[in-house]
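Novice: From the sequence below, what's the structure:
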Amino acid sequence: MKRIILVLCLFLWSSSVVFAQEWQTDFTLAKELSSKNNIPIVLVFQGSDWCAPCIKLDKEIWSTEEFTDYAKENFVMLQADFPKKKKNSLSEEQVEKNKALAEQYNPKGYFPFVVVLDKDGNVLGQTSYKKITPTAYIKLLESFKG
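Specialist: Residues are numbered from 1 along each chain as shown. Predicted structure coming up:
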């Protein structure tokens, strides 16, 4: 029984690693990566532990193998999370960074809110949660490149 549980735990852990999105949380670093790789930034404003559409967007798009595989080569993923539960609280420094991003790119406080930016931080397009496939969401994000 212990072996079965151990194997199951290892399987679940390894599959979560495979599908894990490589999220940046620092805007300066995201712009550097964007410039270096000549790819846009996808800035995602979310409430990861309270916003139902944010959680759906993560499950249905960001966490899919199709999206993560595509994003690795085509986007710098930047997360500005605003959790409410104490157990998910961010460092004060990260809270301030996220607030600064929100003041600049999401002053109305929409959640989820997705902003596609160029390497200099100029807005190329905006969207939110949509009940579409990962393929369609990728096409939507790509359409902002111009």
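Novice: So which bits of stretch 55-64 are buried?
Specialist: Within stretch 55-64, the residues scored as buried using 16 or more other C-beta atoms under 10 Å are 55, 57, 58, 60, 61, 62, 64. Backbone N, C-alpha and C define where each C-beta goes, glycine included.
Novice: Could you do stretch 81-89 as well?
Specialist: Neighbour-count burial for stretch 81-89, counted by 16+ other C-beta under 10 Å, picks out 81, 82, 83.
Novice: what do you get for stretch 43-53?
Specialist: 43, 44, 45, 46, 47, 48, 51, 53.
Novice: mind listing which of those are in helices?
Specialist: Counting by DSSP state H, the part of the buried residues of stretch 43-53 found in helices is residue 53.
Novice: Let me know the closest of the buried residues of stretch 43-53 to residue 127.
Specialist: Distance to residue 127 across these (C-beta to C-beta) is lowest for residue 44, with 10.2 Å.
Novice: close enough to count as contact, the closest one and residue 79?
Specialist: Yes. Applying C-beta atoms under 8 Å as the test, residue 44 and residue 79 come out as touching, 5.4 Å apart.
Novice: any idea which element the closest residue to residue 98 other than its chain neighbours lies in?
Specialist: Nearest residue to residue 98, sequence neighbours excluded (C-beta to C-beta, 6 or more residues apart in numbering): residue 80, at 4.3 Å. For residue 80, the host element (DSSP states H and E) is strand 76-81.
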